[in-house]
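**Student:** Quick one: sequence plus predicted model below, questions after.
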Amino acid sequence: MLAIGLALGTSLCYGIANYLGPLQTRRLPLGAVLVGNAGTALLVSIGLVLVAGEALPDTGAIAVGLAAGVANLAGLILYFRAAALGSLSIAAPIGATGAVIPVAVGLASGERPSLLQLAGIPLAVAGVALAARPAGGSARAPVPGARLSVVLALLAAVAFGAFLALFAEASSSGVAWAVLLSRVAIVSLLLVGLGVAGQAITLPPRQLPGVALAGLLLVVGTTLFAEASTRGLLSLVSVIATLFPIVTVTLALVLLGERLGRVQAFGVVGALAGVALIAGG
């Protein structure tokens, strides 16, 4: 149950961060927002390594940790662009369907959830997928770029799924180091990419707290997932961790006035029912 609780904490942190981040990119340069997020996360992760006092992992674990960071950055860029082009309440659930990748990895590695948990996995994933469908019968005009937004969100799902699987493996050699290595990869690639593109990294001072908060939430959520993956089955905690769209969609509904259709609402209920089966199994 502790692993499930930690994974739920990941969902909460990711859900809020994935609401704040895309909104920031609608008024600020994407590169600057990502550097601000990742820079904050890097500073926090350095502190985690110092406090944890873990031994330096071997070369293989370092490589996996860095690869996890690359996948995470790809997912973030694709997801932020998807959310900027289309509806946030649609992009977020699609991005979370990448949970099927670590689930498959966990099952292939010999994990054996209970029958109830096995029933809960597809129910939760299908619920998120249904929550991603556009609301039918809406009188609102389609969001410009909505089709491209869906494609980018699907690509983000693949990248996020790869990140979860790689990060879980890296965490087995040290949670704090896995978090730090993934952040190092993200910040390094961002700085190199923006430098090559000749893009300045500037943020208005009044925007710094919000950008830093999103970065802090991401690193806290990632740390919680790392702990969950070392204490529970990857095939289960990865599903729970990717329920963050429920939080993101709720915030979008309440604060942005986005609508939830009947099918989407059914999906949310299905996702929550899946979580109940996983936790109760």
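**Tutor:** Arrived safely. Numbers count the residues shown, from 1 in each chain.
**Student:** which residues are contacting stretch 38-50?
**Tutor:** Residues outside stretch 38-50 that contact it (C-beta atoms under 8 Å, 6 or more residues apart in numbering) are 73, 176-177, 179-180, 183-184, 186-187, 190, 211-212, 214-216, 218-220, 222-223. For every residue, glycine as well, the C-beta is placed using N, CA and C.
**Student:** same question, stretch 62-73
**Tutor:** 34, 38, 57, 159-160, 162-163, 166-167, 169-170, 177-178, 180-186, 189-190.
**Student:** at 7 Å instead, please
**Tutor:** With contacts defined as C-beta atoms under 7 Å, 6 or more residues apart in numbering, stretch 62-73 is touched by 159, 162-163, 166-167, 169-170, 177-178, 181-186, 189-190.
**Student:** Mind checking which of the residues you listed land in strands?
**Tutor:** Of the contacts of stretch 62-73, none are assigned to strands by DSSP state E.
**Student:** For the residues you listed, I'd like a selection string for PyMOL - just the buried members, please.
**Tutor:** Those of the contacts of stretch 62-73 that count as buried under 16 or more other C-beta atoms under 10 Å are selected in PyMOL with:
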select buried, resi 159+162+163+166+167+169+170+177+178+181+182+183+184+185+186+189+190
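**Student:** Mind checking which of the contacts of stretch 62-73 land in helices?
**Tutor:** Among the contacts of stretch 62-73, the members falling in helices (DSSP state H) are 159, 162-163, 166-167, 169-170, 177-178, 181-186, 189-190.
**Student:** wait, isn't residue 10 in contact with residue 241?
**Tutor:** Yes - counting by C-beta atoms under 7 Å, residue 10 touches residue 241, with 4.2 Å between them.
**Student:** Residue 53 - how many residues pack around it?
**Tutor:** When counting by other C-beta atoms under 10 Å, one arrives at 7 neighbours for residue 53.
**Student:** Kindly list the main-chain dihedrals of it?
**Tutor:** Backbone torsions of residue 53, given as degrees, to the nearest 10, read phi 60, psi 30.
**Student:** gap between residue 236 and residue 242?
**Tutor:** 11 Å (C-beta to C-beta, to the nearest Å).
**Student:** What separation do you get for residue 76 and residue 151?
**Tutor:** Relative to residue 151, and taking C-beta to C-beta, residue 76 is found at 16 Å.
**Student:** Look at the two and report which has more neighbours.
**Tutor:** Set side by side, residue 76 and residue 151 show more neighbours around residue 76, with 26 against 14, by other C-beta under 10 Å.
**Student:** Identify the residue spatially nearest to the more buried one, adjacent ones excluded.
**Tutor:** Of all residues not flanking residue 76 in the chain, residue 34 sits nearest, at 6.4 Å (C-beta to C-beta, 6 or more residues apart in numbering).
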